[in-house]
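>>> sharing a model prediction with you, sequence too.
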Amino acid sequence: MMELFAPALPVLCAFFTAFFGAVLVRFAGILDHPNSRSSHTAPTPRGGGLAVLAGLFAGVIWLAPLAPNEAVMVIAILAAGAIAGLIGLLDDLFTLHEGFKFIAFIILSSGLTLALGPVTELGVALPLVVGLAGSVLWLFTVTNAVNFMDGADGLMALSLIPAALAIWVMGEGALAALSVLLAAALGGFCVLNLPLLGARGGLFAGDIGSLGVAMMLGGLALAFAVTGPAGSVWLAPLLLMPVLGDVLLTMASRAKAKCNLLAAHRAHAYQLLLRLRWSHRDVALVWAVMAIMAATLAWLGHASGAEGVKFLMLLIGTGAFTLFHRWVRRQAKDRGLDTLH
């Protein structure tokens, strides 16, 4: 990693480009108007994800010439993230048809999977078609899950920064470099997005941020699962447990209750906490703590070198988040909230 760039300059470039870009976007006048699913009540500036992407690309220019295989990975992840962000920006501005977005992200996830290579083992060797389908599903799920979870100030950035930093620590070469630059860019945006001293955040990422960043982080996690030591595939979902866990467990609860899974709702655990009068700051910090814990478990599994330990870390992280999710839902139910709508 150290050979790819002088460590401080590109990271600072990514951070401050994202920060000043967020300041500019803050005053650009693109507003998010609240609806029935919103956790805010007044029009709020959005589009901060554009600053995150700008910060990342500003840092990337400091990368040294890459080996061909690493160049393919970097270009593919950056291109997929930029296209996902563009789709998000168009959706922010014009509200795209859901069917178009579904097809677009399936195609985009498929292209990135082909560029990075699919997961070919999951404890046992997988048929190629299964590995391809599973890897595409991973990217599609991560992208949509982050988009679903981008509804509380600071939550997305503070959930994803520890995951990106963990890939930086555990990865090598361009994979590590791109991960730390993404973390730095998210950090620069977070200054305006995170509620400080109890105040509301002043800028939303918008779909350009949640979709663009999620596609890139999903790609980084996939690349780590494919190129990392044996068993790295178990660590990828662990890194994103606070995001994936809330979305998937909420869907499972709604499916069990025979709710319409395609209907809009405010049933995620973070939304229930907001309805229980938790502040945006406190919710974001709780998710940050859980993300740090997940990253720590992943690092412990990686450091052990044993595939069984990595799988055990995933089980521990999954179990812990499941207990937390059930506790939140129980708290909401005890206070008379409809926890599934």
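Received it, and whenever you're ready, just let me know what you need. Numbering: from 1, shown residues only.
>>> for the stretch 1-150 of the chain, give me the ranges with low pLDDT.
Scanning the stretch 1-150 of the chain for pLDDT under 70 picks out 1-7, 29-44.
>>> which SS state does Gly202 fall under?
At Gly202 the chain is in coil, as set by DSSP: H, G, I helix; E, B strand; the rest coil.
>>> leaving out chain neighbours, which residue sits closest to it?
Spatial nearest neighbour of Gly202, excluding adjacent residues (CB to CB, 6 or more residues apart in numbering): Leu192 at 5.3 Å. To be clear about C-beta, it is placed using only N, CA and C from the backbone, and glycine gets the same treatment.
>>> next, the contact list for the one you found, please.
Counting by CB atoms under 8 Å, 6 or more residues apart in numbering, Leu192 touches 19, 22-23, 26, 48, 201-203.
>>> ok, now Ala255?
Ala255 neighbours (CB under 8 Å, 6+ apart): Leu261.
>>> wasn't it part of a helix?
Yes. Applying three-state DSSP, one finds Ala255 inside a helix.
>>> which among the contacts of Leu192 end up buried?
The neighbour-count test (16 or more other CB atoms under 10 Å) applied to these identifies 19, 22-23, 26, 48, 201-203 as buried.
>>> where along this structure do the helices fall?
With DSSP state H as the criterion, the chain has helices at 8-26, 49-60, 68-94, 98-116, 128-149, 155-170, 173-193, 206-227, 235-239, 241-256, 269-275, 280-304, 307-334.
>>> among those, which is nearest Leu262?
helix 98-116 (8.9 Å; CB to CB).
>>> next, the buried residues of that closest one.
Along helix 98-116, these residues count as buried under the neighbour rule (16+ other CB under 10 Å): 101, 105, 108-113, 115-116.
>>> repeat for stretch 219-238
219-228, 231-238.
>>> follow-up on the earlier one: which of the helices of the chain sits closest to Leu340?
With CB to CB, the closest approach to Leu340 among these belongs to helix 241-256: 5.2 Å.
>>> now do that closest one, average pLDDT.
Mean per-residue pLDDT for helix 241-256: 96.
>>> next, the buried residues of that helix.
Within helix 241-256, the residues that count as buried by 16+ other CB under 10 Å are 241-251, 253-254.
>>> ditto for stretch 331-340
332, 337, 339-340.
>>> between those, which is nearest Asp207?
For the buried residues of stretch 331-340, the residue nearest Asp207 by CB to CB is Leu340; the value is 24.7 Å.
>>> so who does that closest one touch?
Going by CB under 8 Å, 6+ apart, Leu340 touches 253-254, 257, 259, 265, 267.
>>> go with 10 Å
The contact partners of Leu340, taken as CB atoms under 10 Å, 6 or more residues apart in numbering, are 250, 253-259, 265-267, 272, 329, 332-333.
>>> same question, Asp207
32, 46-47, 49, 84-85, 87-93, 95-96, 101, 147, 150.
>>> the same query, at a cut-off of 7 Å, please.
Applying CB atoms under 7 Å, 6 or more residues apart in numbering to Asp207 gives the contacts 88, 91-92, 147.
>>> same question, Pro195
For Pro195, the contacting residues are 153-154, 201, 279-281, 284, by CB under 7 Å, 6+ apart.
>>> so for it, what's the pLDDT?
75.
>>> nearest residue to it in space, please, no chain neighbours.
If the residues on either side of it in the chain are set aside, Pro195 comes closest to Arg281, at 4.0 Å by CB to CB, 6+ apart.
>>> how about Val11?
Nearest to Val11 is Ala184, by CB to CB, 6+ apart, at 4.6 Å.
>>> ok, now Ser253?
Closest residue in space to Ser253, ignoring its immediate chain neighbours: Leu340 at 6.2 Å, by CB to CB, 6+ apart.
>>> please report how far the closest residue to Gly21 other than its chain neighbours lies from Met215.
Closest residue in space to Gly21, ignoring its immediate chain neighbours: Ala51 at 3.2 Å, by CB to CB, 6+ apart. Distance of Ala51 to Met215, computed by CB to CB, to the nearest Å: 17 Å.
>>> what does Arg326 give?
Per CB to CB, Arg326 is found 30 Å from Met215.
>>> who has more neighbours, those two?
A direct count of neighbours by other CB atoms under 10 Å for Arg326 and Met215 places Met215 higher, at 29 against 13.
>>> would you confirm that that one contacts Ala80?
Yes. Shown here, Met215 and Ala80 form a contact pair, counting by CB atoms under 7 Å, at 5.1 Å.
>>> pLDDT and distance to Met293 added to the contacts of Pro195, as a markdown table?
Output for the contacts of Pro195, formatted as a markdown table (pLDDT from 0 to 100; distance: CB to CB, whole Å):
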| residue | pLDDT | distance to Met293 |
| --- | --- | --- |
| Asp153 | 88 | 21 |
| Gly154 | 90 | 17 |
| Gly201 | 60 | 23 |
| Ser279 | 90 | 21 |
| His280 | 90 | 21 |
| Arg281 | 90 | 19 |
| Ala284 | 93 | 15 |
